[in-house]
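>>> Quick one: sequence and predicted model below, then my questions.
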Amino acid sequence: MKITPSNFKGKQSSRDWIERQMNDPYVRRAKEENYRCRSAFKLTEIDGNYKIIKPGDIVIDCGACPGSWSQVAVERIRQKGKHGYDDNQGMVIAIDLQDIEPIDGVTVFPKSDFTTSETQSKILRVLDGRHANVVLSDMAPKASGNREHDHDAIFQLCLSVLKFSSHVLDSGGHVVCKLWDGRETNKIKEVMNRMFTTVKTVKPDASRSDSAEIFLLGQYYKLRKS
Ligand SMILES: C[S@@+](CC[C@H](N)C(=O)[O-])C[C@H]1O[C@@H](n2cnc3c(N)ncnc32)[C@H](O)[C@@H]1O
């Protein structure tokens, strides 16, 4: 049965948004499973199908706020030893323009623009010479409503993720990068095809069917020389 916001007196668009949230099974599941938002299920589905995050991995989560992908990543990297979980294994680094509430086991860089050399230097300092196994990007610019303009803006974010990944990814590492599908999608795929053994376009069930959102998955980074 559809639930409707009975006492809401605001704009129709806000009413529609509330109604959609109230009837969204992923919003309900996120609450039940203590994830910060429904996006968690996009990553759990991608990881469930392609097994990209392993125990002990170093994961960089770009555009991490409010933090559900980092919550999923930290669950996956933790090793279960004889005495329970060993927190010294693996690492998740979360970056966002916005503030990020602390997440147990995650190194957070709030109020940080991933595309700047300042932020990327902070990440490199934390890595301290190690390579990352997985780079995730659910980064999205503020949507302007102009589809082409928004596509171009997210395309630039993807390029920045791929460029940084080429410096930090370990041989065999993976990238998951959100894109709003559009005229430059093939260009990004070409770049990824040069970097990875396998490149796939993924649309998880939790990604709304009326959204241009897709995820490009690059598996097995092949350009690491040392
Ligand atoms: C869809 S949300 C991410 C949700 C997150 N994956 C989760 O599961 O909680 C997109 C985020 O990208 C962030 N973002 C956009 N551009 C960014 C940039 N240049 N640097 C860092 N974060 C950015 C936004 O601030 C926003 O919080």
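Yes, it's here. Numbering: from 1, shown residues only.
>>> Grab the nearest non-local neighbour of Ile77.
Closest residue in space to Ile77, ignoring its immediate chain neighbours: Gly90 at 3.4 Å, by C-beta to C-beta, 6 or more residues apart in numbering. Yep, even glycine has a C-beta here, placed from its N, CA and C like the rest.
>>> Contacts only, for the one you found.
55-59, 77-79 (C-beta atoms under 8 Å, 6 or more residues apart in numbering).
>>> swap in Lys11?
Counting by C-beta under 8 Å, 6+ apart, there are no residues that Lys11 touches.
>>> For it, grab phi and psi.
Backbone torsions of Lys11, given as degrees, to the nearest 10, read phi -60, psi 150.
>>> Quick check: pLDDT value at it.
At Lys11, the model reports a pLDDT of 73.
>>> What about the contacts of Gly90, which one has the most neighbours?
In terms of neighbours by other C-beta atoms under 10 Å, these top out with Val59 at 27 neighbours.
>>> How about residues contacting the helix or strand hosting it?
Taking DSSP states H and E as the criterion, Val59 maps to strand 58-62. With C-beta under 8 Å, 6+ apart as the test, strand 58-62 has contacts from 53, 69-70, 73, 76-77, 90-95, 106, 114, 123, 127, 130-139, 161, 168, 170.
>>> Return the members of those classed as buried.
Buried subset of the contacts of strand 58-62 (neighbour count, 16 or more other C-beta atoms under 10 Å): 53, 69-70, 73, 76-77, 90-95, 106, 114, 123, 127, 131-139, 161, 168.
>>> Just the ones of these in strands?
Members of the buried ones among the contacts of strand 58-62 lying in strands (criterion: DSSP state E): 91-95, 106, 132-137.
>>> so which of these are also by the ligand?
Applying C-beta under 6 Å from any ligand atom to those, one finds that Ile95 fall near the ligand.
>>> My reading is that Lys187 lies in a strand. Confirm?
No - according to DSSP: H, G, I helix; E, B strand; the rest coil, Lys187 belongs to no strand; its state is helix.
>>> Give me the neighbour count for it.
12.
>>> Which positions in the chain make contact with the ligand?
So the chain meets the ligand at 36-37, 39-40, 63-69, 95-98, 113-115, 138-141 (C-beta under 6 Å from any ligand atom).
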